[in-house]
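*Asks:* quick one: sequence plus predicted model below, questions after.
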Number of protein chains: 2
Amino acid sequence: MSRVIRLTAIAMVVLLPAPASDVPRRLDGFSAEAAAPHRTWEEKFRAIPDRDNLRAYMQRLSARPHHLGSPYDKEVAEWILGRFQEWGLEARIETFNVLFPTPTERAVELLAPRRFTAKLQEPAVDGDDTSGQHDEQLPTYNAYSADGDVTAPLVYVNHGVPADYEQLERLGVSVKGAIVIARYGGSWRGIKPKVAAEQGAVGCLIYSDPRDDGYFQGEVFPKGPFRPRDGVQRGSVMDMPLYPGDPLTPGIGATADAKRLDRKDAKTITRIPVLPISYGDAEPLLAALEGPVAPEPWRGSLPITYRIGPGPARVRLKVTSSWDLKPAYNVIARVPGAGRPDEWVVRGNHHDAWVNGADDPVAGQIALLEEARALGELLKQGWKPRRTIIYCAWGAEEQGLLGSTEWGETHAAELKNKTVAYINTDSNGRGFLSAGGSHTLEKFINDVARDIIDPETKLTVWKRAQLARIARSPGERQELRSRPDFRIGALGSGSDYTVFVDHLGIPALNLSFGGLDGGGIYHSIYDDYYWYSRFSDTDFSYGRALAQTVGTAVMRLASAELLPYDFTNFADTIEKYVDELQKLLAGKRNEVEERNRQIEEGVYEAIADPRKTFIPPPVEAVPPHLNFAPLENAVEALTQAAERYDQARSKASLKAVDAINRKLIQSERLLTDPAGLPDRPWYKHQIYAPGYYTGYGVKTIPAVREAIEQNKWQLAEASIARVGALLNAHAALVQSAAEDLEKLAR
Amino acid sequence: MSRVIRLTAIAMVVLLPAPASDVPRRLDGFSAEAAAPHRTWEEKFRAIPDRDNLRAYMQRLSARPHHLGSPYDKEVAEWILGRFQEWGLEARIETFNVLFPTPTERAVELLAPRRFTAKLQEPAVDGDDTSGQHDEQLPTYNAYSADGDVTAPLVYVNHGVPADYEQLERLGVSVKGAIVIARYGGSWRGIKPKVAAEQGAVGCLIYSDPRDDGYFQGEVFPKGPFRPRDGVQRGSVMDMPLYPGDPLTPGIGATADAKRLDRKDAKTITRIPVLPISYGDAEPLLAALEGPVAPEPWRGSLPITYRIGPGPARVRLKVTSSWDLKPAYNVIARVPGAGRPDEWVVRGNHHDAWVNGADDPVAGQIALLEEARALGELLKQGWKPRRTIIYCAWGAEEQGLLGSTEWGETHAAELKNKTVAYINTDSNGRGFLSAGGSHTLEKFINDVARDIIDPETKLTVWKRAQLARIARSPGERQELRSRPDFRIGALGSGSDYTVFVDHLGIPALNLSFGGLDGGGIYHSIYDDYYWYSRFSDTDFSYGRALAQTVGTAVMRLASAELLPYDFTNFADTIEKYVDELQKLLAGKRNEVEERNRQIEEGVYEAIADPRKTFIPPPVEAVPPHLNFAPLENAVEALTQAAERYDQARSKASLKAVDAINRKLIQSERLLTDPAGLPDRPWYKHQIYAPGYYTGYGVKTIPAVREAIEQNKWQLAEASIARVGALLNAHAALVQSAAEDLEKLAR
């Protein structure tokens, strides 16, 4: 035995990280003595996940519609609970009572210039049995739409984001008093009715253009994986960028006895009625529009001339819902830590779906289950994680991350005190590893990816991801070839990591495979086993790879002697963000200066077509220069502290690092501000947040970035100072941890 | 009178050219004494063109189909002859006998997986009377398609240019033995069957995708100006980049007694049968294809998934034609020069159309007619041009520039000896001035544009064009604001300037207005007065502006004492081209190096989807560095000579410049090589030519550029030397002219 360990130790010295290579590195946070047996356990773990099990779980979990409040949702939660327990994990269901509207009436009618009544119904498909479970399916709708019955002229608004309304202004089109029709894409769906209402619209339709996930992309279901003519994307439209979770209990858990807002005071419910429709239903509405031809990037793939209106299309939109409290079931399983039980590694995936949800969320949930089974196996074989591992199957995600948010709010103090990291998955497909998360975990997850084999190419998933990026990102090739780690994206919102990273300041990761799994069944009745087993990860080999990836990450986080946070990649990332902010401002300055100059030169009058309405933009004040020094100084402090920590770690013995770990656990928390972001106090993290006008899409250093985007110069400068101070505190903690480690030098 | 002249002269001193301004400059080539009366004549001229006349001409000329060989073609030519004569111009018709196939049989049938027979017929439109003249309309076809009757699997090839076939190779798709279906666009249409045949296809269909000029762009005819479902673009597919004009008489005039090739030896006739079809006829064919989904840029706006095949669609394509000689009527009018009758200014526009041709060519032809009438008026008032002006209404342009080419070939020696410039128009619309041509005329045409008022904005057409470019070309803004003249595009092919510039080496200009006149009736029965008067230059104010622009240019060229060529802009342009060539090579080197590196890294295996065929590209030799010194040295010589000439001209008295003019006339001829371009000796000009694989699109310094594009390194280097030598000779002539002018210093 000792010989093997010795050889491994020697091999590790040889295998010191070359730049941008998938040769496995030394295990960060593990001493050589601990690394070798840990690697053996990891290898045992990765051999366990089984594709037949994954398939069987999916068949079971997606057998019937299982949305929040449905009978099968409860069955699913109880079945998962049973599995956790069967595999030897301590588990229970934690239930919250959350507001969930379900429609009682829905209507979309074209009243002029001709009459047409939208179907608002997805038909069953021959051979796809679950698509026919109409009695249990939620109708096509957008949850948290206000009730309403409006009749008004129709206006096409492209994606319905603020930039689109600026274009409409140039074309002399207002949506005041109109019903807008927006296409999916360009933002999270909840942004569309929010902005439409800000602009004075009285109703909002959202449709799936075939350009985006229908026939333009490929053959439609059931011949191919893309969205058929009558397929509809359901989904929540609550104002999640304000706060996610139960609209009635912002910031606190929706327990039975929680103090709830009156529904009329819940600011995340839309101000105007909204419905999603298929392109089959949208085509007659869009075809009835006149007015300006839509700008080229607005045009989709329907065989019509896309025009903007307003009218002559006149539309009635009616939505009413039954506004009930429903039980959200979180299934929580626990593996107590042997050494540091009060340090937690939390791993989650939701179990609820809009309908059958084979891809979303079952493809991720089955990986989680197979990980839990495998960990149970290891425990039986004698494996003991140092830290406590918590596995969570969340309920009520689809409505606005309700299950995870209420749980996170309920246990906020304990989670902030104990949690080392949260790892999330959701949908999963075939192709390349996609990793987003906190950049203190960037090096960590790169290392995990170097240990996972891609089932199709037999490369490591790290290598396949790196090469795919080299192919697709010409501007980043040089960095991809030289930087030891590929960059991970920052997290915005859209899945259950949100409460952990954004509200609690816990480092998080979100992982999936994809890129070769295109389709158009998202949030429709066709996201089911029939579809998934024909078009996505048909042999569940990427389900296995996901279980292997996440399980390896969980085990490594749970057993590392020193927490495997890395601050050099974090500092490098912050430097990049600060550079982006400066470029954003410079770009805005240039843009305004150039536009003002063109106004003065008479460009707009010269290019205008006198047969068309065109309203030149107004002269604007050029944005001022801002003092970026607090951020620039913070970047230097971060970089120096990180390098010192890195040096110290490489020389330290990892025998007595508990106190250092206690310190490190707080490092991400220092990036939060108890006051939250401007006008949305629920969002505490000052580095990552979903954009106020993107919804899912991240805005990094959001207080500064959004202030610049929205021309709030004083706020921008104040926020630079505030974030700079937080980053300095973070740097001081890292510096202090480095000093502690230096005392442990071998 | 003298007082007026004096004031004008003072005004001119004040109005010396500021950078990038539309303030009129001194008239190049005119002494102050000559400039003032000339300006008065120009102003008289510009007051004459009349919108009612233009409208009446269009109604008359487009009243019936008037293609080559049709009864109304002859009537049109004779009517134009009558007008020239009525207006006091000496005129006659010069007839050539040219090969012109017209179809006897046409069929496109889908045989599998289902049956469909293409209509191949454009229906009449209610209210549009001329659209119903079916008896006189040419059927929808591509002239100079080989006869053939082929049945084969179908393959979709996007635009059908070489880059598309490279993509097909990556996808493992061959067109050997197949019928290809290409969409219009991306190249001149004649390239598509040429490349298809090179690739082994047995037939070629070309269709108009609604993305490009149908409903995607705007409402279709008759509701809007764009191409309706059954609209077809006719057009020639002869291999014009080899040589234009009558296929049987390359290089010589197709006179009655000309020695003609046997038709089988005419290399410009396609090798495979070709037919154009509507999107109505294309949709069932494309919808029947399977195989790989087309890459995103290949997809159009039909409501289908664009797939490539081959098959299962199996298609029969049949075309047979009657191959007859037809009379091409060139109507040639002449205003003899008072001072220098053996220096000619030639101005032309074709009169023949594919069908009624209101836009193409009548919109340009009516401007030409109104110019001729106005010149006739001026002659009656006593105006005497120094040089001879020749007005040409060409026949048989649509088939491949036959009328102008045969005329140019017939009179080659005289034209080369005498012609100062050729000015062409063709279609015309509404919007911004578009000018292409020889760069020795760039400054000249900029100056003309400073004297023409845009009818919509009342800006000068120069100003409107400049501001439109500022709006649309962000990368060129700085230059547009500082360079005194906007750049004009180089001429490729596509209209009657071709023989003049490319074969004879005569400086040419091609002028039109457009940009606000979108439509989709090109080469269809709907290009008629009904369409034009509803959707294009409906009040003929741009017809008038075109007559004003071209007439001003003609008068100025005809009366300038010193020919108004400018060599500084030419030298600047050549410098830009030489820089482009170096970047082209550097770009190819980088591209090959990067691709080779990716092959070595395993990128292609990593990104491939194992469920799809993908054939990685082969490793290629990196292109060598080339010796660009001969061109770089030539650019320096050109620049120095041009500056010296410019200086000398500004100081010279223009009293005795006849000998200098004789020299200058030859300056563009020195840019030609009697041996022509590699493998296409008809094309003599070494700076401008249509690309061998673009057809209309220009390739500047073509022998070098195409050799680099085609990896012919020895040829590239030899061509650099050859073109460098020509440019040196040109520089020497300019230098010599400068020396002559220096002797005339005031």
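*Replies:* Everything's here; your move.
*Asks:* mind telling me which residue of the stretch 51-200 of chain A is nearest chain B?
*Replies:* Nearest residue of the stretch 51-200 of chain A to chain B, counting by Cβ to the nearest Cβ: A:Arg170, 12.6 Å away. C-beta coordinates here come from the backbone N, C-alpha and C atoms, glycine included.
*Asks:* surely that residue touches A:Pro618?
*Replies:* No - A:Arg170 is not in contact with A:Pro618 according to Cβ atoms under 8 Å; the separation is 10.8 Å.
*Asks:* out of these two, which sits in the busier spot?
*Replies:* Under the criterion of other Cβ atoms under 10 Å in any protein chain shown, the comparison of A:Arg170 against A:Pro618 puts A:Arg170 first, with 15 against 9.
*Asks:* spatially nearest residue to the more buried one, not counting backbone neighbours?
*Replies:* Spatial nearest neighbour of A:Arg170, chain neighbours left out: A:Ile615 (5.6 Å); criterion: Cβ to Cβ, 6 or more residues apart in numbering or on different chains.
*Asks:* which residues does the residue of the stretch 51-200 of chain A closest to chain B contact?
*Replies:* Going by Cβ atoms under 8 Å, 6 or more residues apart in numbering or on different chains, A:Arg170 touches A:Phe614, A:Ile615, A:Pro616, A:Pro617.
*Asks:* any idea how far A:Ile607 is from it?
*Replies:* As judged by Cβ to Cβ, to the nearest Å, A:Arg170 and A:Ile607 stand 12 Å apart.
*Asks:* any regions of chain A where pLDDT drops low?
*Replies:* Where chain A drops to pLDDT under 70, the residues are A:1-19.
*Asks:* I'd say A:Leu726 and A:Leu670 touch.
*Replies:* Yes - using Cβ under 8 Å, A:Leu726 is in contact with A:Leu670, at 6.3 Å.
*Asks:* picking up where we left off before, dump the contacts of A:Arg170 to TSV, plus distance to B:Tyr522, secondary structure and neighbour count.
*Replies:* What follows is the contacts of A:Arg170, written out as TSV (distance: Cβ to Cβ, whole Å; DSSP: H, G, I helix; E, B strand; the rest coil; neighbours: other Cβ atoms under 10 Å in any protein chain shown):
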residue	distance to B:Tyr522	secondary structure	neighbour count
A:Phe614	26	coil	14
A:Ile615	32	coil	13
A:Pro616	32	coil	15
A:Pro617	34	coil	14
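*Asks:* and which of these is nearest A:Pro162?
*Replies:* A:Pro617 (14.2 Å; Cβ to Cβ).
*Asks:* quickly find the element holding the closest residue to that closest one other than its chain neighbours.
*Replies:* Nearest residue to A:Pro617 in three dimensions, chain neighbours excluded: A:Arg595, at 6.1 Å (Cβ to Cβ, 6+ apart). Element membership of A:Arg595 [criterion: DSSP states H and E] is helix A:568-601.
*Asks:* contacts only, for the residue in the stretch 551-700 of chain A positioned nearest to chain B.
*Replies:* Across the stretch 551-700 of chain A, no residue is closer to chain B than A:Ala606, which sits at 3.6 Å (Cβ to the nearest Cβ). A:Ala606 sits next to B:Thr457, B:Leu459, B:Lys463, B:Arg464, B:Leu467, B:Ala468, B:Ala471 when contact means Cβ under 8 Å, 6+ apart.
*Asks:* no more questions from me, cheers.
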